[in-house]
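Asks: 3D, please:
(chains A and B)
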There are 2 protein chains.
Amino acid sequence: MQLLKDYILKNGRVVTDGLLKVDGFLNHQIDIGLFQNIGREFYNHFKNDNITKILTIEASGIGIACITAQYFDVPVLFAKKNSVKTQGENVYTADIASFTHGKNYSIRVSKDYLSPSDRILIIDDFLANGEAIQGLVNIAKQAGATVAGAAVVIEKGFQGGGDKLRAEGLNLLSLAIIESMDTSGKITFR
Amino acid sequence: MQLLKDYILKNGRVVTDGLLKVDGFLNHQIDIGLFQNIGREFYNHFKNDNITKILTIEASGIGIACITAQYFDVPVLFAKKNSVKTQGENVYTADIASFTHGKNYSIRVSKDYLSPSDRILIIDDFLANGEAIQGLVNIAKQAGATVAGAAVVIEKGFQGGGDKLRAEGLNLLSLAIIESMDTSGKITFR
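Replies: Down below sits the predicted model:
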């Protein structure tokens, strides 16, 4: 998606090896016009897949999931990272090692909101080692739901998570795949 | 907002004293059609206030903030609860005591994305003791920005946070104010 690549080249900054700062438009401040364009791209790719629900993970997946859900006219369900008083124990869980946060954590989804008749589109802002997507696939499968595919905004191709998920047969759409980048500011797309 | 009250009465559940479970449509699974209606209500109330940015807090404020931002055509900025590698130390911070999560935490907003020329609309899903809104007001003021108002979906009126904020002069819009509720299932709106 050329518009997104332009945003990354103009506003992104390689902070350290493997770490791309795009918090001016993607995961801290959010450019809603860009998100609408991204949502339409996701919709065009998956519109014939009979999606019944969008599954994402807090926090930075929620915005893009909600904007995208409007085009599919389906609910969003977001996995929680922290246990909250209202959620109870009736949950599916999966363990995730996060690259960006530098720690491991569990995600939780209430069993009430996934069923075997669901056809799930997984959405996230970033794909690095693929652990978050894998955890969401895992949770959808625990519920007996079908994972129709996954859509991410930026894939860090050099970390290999996307290729691993594709090799496992996941229908994965990444709107920008970064093949390499370095702190001099050079970013190369696949 | 009658549609919202109907949702609360039909799908909400009083779990324990003071704790309302609305995760079927508001803060775990998200009903996007309802969010669009909420966003339009927020817009109608604040459309003449020259809002330049919507400020919210992760995680469950993000969805409603993003849907609402479309009507104002402004960016969303969400305060982070956890330090992430890409954020650095160039941040405004505020401390918050959470009712729902039962613990204290700090929120962080990069200084890059707030300026004295900003007119901020604060958005959140819930207002209980008002600490989260107060923290966001605090951060906006650190940046010298103007807080034009705050809009929340559900206010738990009996916890007093909303009345305290109103007494301090905040232009606060709550689409449903719960005056009382108990575990028998009875919910009374103000």
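Asks: would you verify that A:Gly24 is located in a strand?
Replies: No - judged by DSSP: H, G, I helix; E, B strand; the rest coil, A:Gly24 forms no part of a strand; its state is coil.
Asks: for chain A, what's the longest helix?
Replies: Ordering each helix of chain A by length in residues (DSSP state H) puts helix A:32-46 first.
Asks: in that one, what's buried?
Replies: By 16 or more other CB atoms under 10 Å in any protein chain shown, the buried positions in helix A:32-46 come out as A:Ile32, A:Leu34, A:Phe35, A:Gln36, A:Asn37, A:Ile38, A:Gly39, A:Glu41, A:Phe42, A:Tyr43, A:Phe46. Backbone N, C-alpha and C define where each C-beta goes, glycine included.
Asks: which residues touch A:Val74?
Replies: A:Ile51, A:Thr52, A:Lys53, A:Ile54, B:Ile32 (CB atoms under 8 Å, 6 or more residues apart in numbering or on different chains).
Asks: ok, 7 Å please
Replies: By CB atoms under 7 Å, 6 or more residues apart in numbering or on different chains, the contact list for A:Val74 reads A:Ile51, A:Thr52, A:Lys53, A:Ile54.
Asks: which stretches of chain A have low pLDDT?
Replies: The model of chain A has pLDDT under 70 over residues A:83-87, A:99-102.
Asks: and the most centrally placed residue in chain A, how far is that from B:Ile139?
Replies: For chain A, A:Asp124 is the residue whose C-alpha lies nearest the centre (CA atoms, centre = their mean; 1.3 Å). Using CB to CB, to the nearest Å, A:Asp124 is found at 27 Å from B:Ile139.
Asks: ok, A:Leu173 next?
Replies: Here A:Leu173 is placed at a distance of 35 Å from B:Ile139 (CB to CB).
Asks: of these two, who's got more company?
Replies: Regarding A:Leu173 and B:Ile139, a neighbour count based on other CB atoms under 10 Å in any protein chain shown identifies B:Ile139 as having more, with 26 against 19.
Asks: and the longest helix of chain A, anywhere near chain B?
Replies: Yes - Helix A:32-46 is in contact with chain B by CB under 7 Å from any CB of the partner chain, via A:Ile32, A:Phe35.
Asks: who touches that helix?
Replies: Residues contacting helix A:32-46 (CB under 7 Å, 6+ apart): A:1, A:3-4, A:7, A:25, A:63-64, A:67-68, A:70-72, A:121, A:123, A:148-149, A:151, A:153, A:173, A:175, B:66, B:69-70, B:75-76.
Asks: quick one, what contacts A:Gly185?
Replies: Residues counted as contacts of A:Gly185 (CB under 7 Å, 6+ apart) are A:Val14.
Asks: that one: what secondary structure?
Replies: Under three-state DSSP, A:Gly185 falls in the coil class.
Asks: right, and A:Tyr7 touches A:Gly24 too?
Replies: No - with contact defined as CB atoms under 7 Å, A:Tyr7 does not reach A:Gly24; the gap is 8.7 Å.
Asks: before we move on, back to that, wait, the residue nearest to the centre of chain A touches A:Glu58, no?
Replies: No - counting by CB under 7 Å, A:Asp124 stays clear of A:Glu58, with 10.7 Å between them.
Asks: would you map the helices across chain A?
Replies: A:2-11, A:32-46, A:61-72, A:131-142, A:161-167.
Asks: give me the beta-bridge partners of A:Glu155?
Replies: Beta bridges link A:Glu155 to A:Leu127, A:Ile177, judged by DSSP bridges.
Asks: you'd agree A:Ile120 is up against A:Ala148?
Replies: Yes - assessed by CB under 7 Å, A:Ile120 is found in contact with A:Ala148 at 6.3 Å.
Asks: return the distance of the residue of chain A positioned farthest from its centre relative to chain B.
Replies: Using CA atoms, centre = their mean, the residue of chain A lying farthest from its centre is A:Ser184. It sits 27.1 Å away. Between A:Ser184 and chain B the computed distance is 18 Å (CB to the nearest CB, to the nearest Å).
Asks: which strand residues bridge the closest residue to that residue other than its chain neighbours?
Replies: The shortest distance from A:Ser184 to any non-neighbouring residue, by CB to CB, 6 or more residues apart in numbering or on different chains, is to A:Val14 (7.9 Å). Taking DSSP bridges as the rule, A:Val14 bridges to A:Leu20.
Asks: count of residues packed around A:Val14?
Replies: Using other CB under 10 Å, A:Val14 has 17 other residues around it.
Asks: any idea how far it lies from chain B?
Replies: Counting by CB to the nearest CB, the gap from A:Val14 to chain B is 10 Å.
Asks: again with A:Met1
Replies: Taking CB to the nearest CB, one finds A:Met1 at 19 Å from chain B.
Asks: hang on, that residue packs against A:Leu173?
Replies: No - in this structure A:Met1 lies outside contact range of A:Leu173 using CB under 7 Å: 9.9 Å.
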